[in-house]
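Colleague: Structure, please.
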Amino acid sequence: MLERQRGLCAGCGTEIAVKKNGKWKTKPGGGTNHVEKLRDEGTSDPGNMTALCRRCHVKADRED
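Modeller: Numbering: from 1, shown residues only. The predicted structure is shown next:
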């Protein structure tokens, strides 16, 4: 997911992770989000996950 998003928040484009020595490291506040929520029969499959900054994650949770 971080590779797919190039370390950027899917919501606003803020850098939320950096790649060093071939490994991604999330910056403070960066996290993952289920596109289709687990309670709605979503999965934790990488295709259903997105990386968001804290602000966008809070916004996404409020929209549910």
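Colleague: quick one, what contacts C9?
Modeller: C9 sits next to E15, I16, G30, A51, L52, C53, C56 when contact means CB atoms under 8 Å, 6 or more residues apart in numbering. Every C-beta, even on glycine, is put in place using the N, C-alpha and C of the backbone.
Colleague: Next, give phi and psi for the closest residue to V35 other than its chain neighbours.
Modeller: Closest residue to V35 apart from its sequence neighbours, by CB to CB, 6 or more residues apart in numbering: N48 at 5.1 Å. Torsion angles at N48 (phi, psi; degrees, to the nearest 10) stand at phi -100, psi 10.
Colleague: hey, where'd the helices end up in this structure?
Modeller: 2-5, 54-62 (DSSP state H).
Colleague: who's in contact with the most centrally placed residue in the chain?
Modeller: What sits nearest the mean C-alpha location of the chain, by CA atoms, centre = their mean, is A51, with 1.0 Å. Shown in contact with A51 (CB under 8 Å, 6+ apart): 1-2, 5, 7-10, 16-17, 26, 30-33.
Colleague: now, which of those residues sits nearest E63?
Modeller: Using CB to CB, N33 comes nearest to E63 of these, at 11.0 Å.
Colleague: rewinding a little: any idea which of the contacts of A51 has the most stuff around it?
Modeller: Within these, I16 tops the neighbour count with 26 neighbours, counted by other CB atoms under 10 Å.
Colleague: How much space separates the residue nearest to it when sequence neighbours are not counted from N21?
Modeller: Nearest-residue entry for I16: G30, 3.3 Å, with adjacent residues in sequence omitted and distances by CB to CB, 6+ apart. Distance of G30 to N21, given as CB to CB, to the nearest Å: 18 Å.
Colleague: And G31, by the same measure?
Modeller: In this view, G31 and N21 are 22 Å apart by CB to CB.
Colleague: Show me where this protein dips below the pLDDT cut-off.
Modeller: 64 (pLDDT under 70).
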